[in-house]
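>>> with the input below, show me the fold.
(one chain, ligands or ions: 1)
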Amino acid sequence: MKPTPRWPLHPAPREGEALSSWLNRVAACYRMDMHELLAHDLGHGQLDDLDIVPPSSLLMVLAQRSGVELERLREMSLAGWVPWLLDSLDDSLPAALETYAFQCSVLLPKRKARSITRWRAWLPSQPMRRACPLCLNDPANQAVLLVWQLPLMLSCPQHGCWLESYWGLPGRYLQWDNAEAAPRPANEAIACMDRRIWQALTTGFVELPRRRIHAGLWFRLLRTLLDELNTPLSHCGSSAGCIRQVWEHCGHPLRAGQSLWRPFEVLAPAAQVQMLEAAASAIALIESRALLPRGEQAALFLTEPPTGFTNGLPEKKPKPEPVNHWQRAVQAIKEAIIEARHNPETARSLFALASYERRDPESLERLRLTFANEGIPLEFLSHYDPCTPFVCLSQNDGLSDKF
Ligand SMILES: [Zn+2]
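Below is the predicted model:
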């Protein structure tokens with residue numbers, strides 16, 4: 001069979017660019033529109049979900065035509081972001097919302113899990129068209145990022161200005177809803193949250209004040225925070241003041257004016273923006289210690305208490321707090337379980353730790369069942385062989401020395 005010829009012209013995809021955006025830019029090189037390129041050159045009819053789940057046959061042809069690796073092409077659609085950003089693209093999974101947004105806690109120590117049918121994390125009910133006016137100012141590089149199509153970032157990671165709504169097709173005709181779309185700088189709290197989102201999407205981890213966390217945990221923490229901010233105060237117990245303080249600080253009505261609870265993804269775009277602003281405010285308030293929430297993961301946003309400061313007086317050594325190693329170990333294991341639900345490497349390391357010195361198949365099978373009950377996908381463990389030497393939980397924590 002003859003190999004598919006390369007396109008003589010094709011712009012390189014920008015980091016984070018959506019597949020449809022890149023195909024539009026490729027088509028423009030041949031004075032076609034994307035649908036003509038898909039139909040005449042690639043043999044694919046009109047596709048609506050290019051940026052969600054493109055057919056793998058199309059990705060194969062695109063890889064041959066462009067020389068861009070298949071994995072890179074996959075990451076240009078949401079299917080390539082499973083399971084980091086979302087657990088699944090199947091919206092009929094039972095308990096999907098509980099699994100995603102009710103296992104962590106930041107502002108509220110306890111919440112009653114909500115259950116809804118048909119839900120997918122971060123996918124808005126209506127398509128979103130938002131972009132950075134400065135990025136789209138450059139006519140030679142009008143790439144639309146995939147993340148701009150989700151209610152997730154408020155500002156451009158490169159320019160730090162607000163994303164603005166537009167209609168039209170970048171590169172052909174473009175109209176901004178806000179007539180001039182003069183770039184509006186985002187405040188530091190928003191810019192900081194968005195930098196972390198971008199770090200998670202592009203590197204797979206986020207540096208938080210306490211420690212580095214996996215991108216999968218970061219997105220679940222953020223979604224937890226958004227749901228906590230949307231909890232009626234009557235359900236917040238003694239933490240109601242915490243929720244009120246965040247909303248007052250960011251200057252929007254409580255719960256972005258919602259009276260009935262609905263999941264974040266189906267809220268009107270204006271309410272989603274206010275919720276995201278509140279989430280950014282909450283993080284900034286926690287980090288500056290102006291807010292002291294009681295949620296289990298709130299401490300991730302705090303550095304260790306300051307040490308070594310001086311007021312000019314002779315230093316009085318404080319008595320060291322006794323370290324509760326057991327409590328720390330339990331906390332580390334809890335966090336590892338949350339991370340193992342979407343990180344195969346952590347799942348395998350945790351399994352290695354838990355199965356230490358277990359060799360009989362029955363005992364290992366019972367352990368697998370325990371992992372499954374904790375929501376850790378068993379396929380993550382498929383390459384695990386208990387006879388191989390112990391794999392340490394993390395390069396940094398030195399746990400391996402103890403075994
Ligand atoms: Zn920009």
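
>>> which strands and helices sit next to the lowest-mean-pLDDT helix or strand in the chain?
Between all helices and strands in the chain, the lowest mean by mean pLDDT, DSSP states H and E belongs to helix 325-340, at a mean of 76. Applying 3 or more Cβ pairs under 8 Å, 6 or more residues apart in numbering; DSSP states H and E, we find helix 325-340 packed against helix 215-229, helix 344-354. Every residue, glycine included, has its C-beta placed from N, CA and C.

>>> ranges for the strands of the stretch 151-300 of the chain?
Along the stretch 151-300 of the chain, counting by DSSP state E, counting those that start in this stretch, strands occupy 164-169, 173-176, 205-207, 212-214.

>>> among those strands, which comes closest to the ion?
Closest to the ion of the strands of the stretch 151-300 of the chain is strand 164-169 (Cβ to the ion; 10.4 Å).

>>> could you give me the average pLDDT of the closest one?
Averaging pLDDT along strand 164-169 gives 90.

>>> elements contacting it?
Using 3+ Cβ pairs under 8 Å, 6+ apart as the contact criterion, the secondary-structure elements in contact with strand 164-169 are strand 130-131, strand 173-176.

>>> cutoff 10 Å now
helix 19-29, strand 130-131, strand 173-176 (3 or more Cβ pairs under 10 Å, 6 or more residues apart in numbering; DSSP states H and E).

>>> can you list the strands that that strand pairs with?
Note on strand 164-169: by DSSP bridges, its sheet partners are strand 130-131 (antiparallel), strand 173-176 (antiparallel).

>>> adding mean pLDDT and distance to the ion, write those out as CSV.
Converted to CSV, those look like this (pLDDT from 0 to 100; distance: least, Cβ to the ion, whole Å):
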stretch, mean pLDDT, distance to the ion
strand 130-131, 94, 8
strand 173-176, 86, 14
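
>>> return the most buried member of those.
Counting by mean count of other Cβ atoms under 10 Å, strand 130-131 has the highest mean neighbour count of the strands paired with strand 164-169, with a mean of 22.

>>> quick check: closest non-adjacent residue to Pro139.
In space, Pro139 comes closest to Gly171 once its chain neighbours are excluded; the distance is 7.6 Å by Cβ to Cβ, 6 or more residues apart in numbering.

>>> what residue ranges in the stretch 101-250 of the chain score low on pLDDT?
By pLDDT under 70, the low-scoring segments of the stretch 101-250 of the chain are 179-181.

>>> comparing the helices and strands packed on helix 325-340, which comes out most buried?
The highest average neighbour count among the helices and strands packed on helix 325-340, using mean count of other Cβ under 10 Å, belongs to helix 215-229 at a mean of 25.

>>> just checking, what packs against it?
helix 96-101, helix 188-203, strand 205-207, strand 212-214, helix 240-250, helix 269-287, helix 325-340.

>>> including distance to Glu365 and mean neighbour count, could the ones you listed go into TSV?
Written out in TSV, the entries for those read as follows (distance: least, Cβ to Cβ, whole Å; neighbours: other Cβ atoms under 10 Å):
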stretch	distance to Glu365	mean neighbour count
helix 96-101	24	20
helix 188-203	35	19
strand 205-207	33	17
strand 212-214	27	18
helix 240-250	44	18
helix 269-287	41	22
helix 325-340	18	15
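
>>> and Leu70, which of those is closest to it?
Nearest to Leu70 among the helices and strands packed on helix 215-229 is helix 188-203 (18.7 Å), distances taken as Cβ to Cβ.

>>> please parse the protein into its domains.
For the chain, automatic domain parsing gives the domain ranges 19-81, 104-115+189-301, 325-402.

>>> how about a markdown table for those domains, with distance to Asn178 added?
Output for those, formatted as a markdown table (distance: least, Cβ to Cβ, whole Å):
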| stretch | distance to Asn178 |
| --- | --- |
| domain 19-81 | 21 |
| domain 104-115+189-301 | 13 |
| domain 325-402 | 37 |
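
>>> so which of the ones you listed is nearest the ion?
Comparing the domains of the chain against the ion with Cβ to the ion, the closest turns out to be domain 104-115+189-301 (10.9 Å).

>>> so, in contact with the ion or not, that closest one?
No. Under the criterion of Cβ under 5 Å from the ion, the ion is not reached by domain 104-115+189-301; the shortest gap measures 10.9 Å.

>>> endpoints of that domain, how far apart?
One end of domain 104-115+189-301 to the other measures 14 Å (Cα to Cα, to the nearest Å).

>>> chain center to it, what's the gap?
Mean C-alpha position of domain 104-115+189-301 versus that of the full chain (Cα atoms, centre = their mean, to the nearest Å) differs by 13 Å.

>>> need the residues of the stretch 51-200 of the chain near the ion, please.
Checking the stretch 51-200 of the chain against the ion by Cβ under 5 Å from the ion, the hits are 132, 134-135, 156, 158-159.
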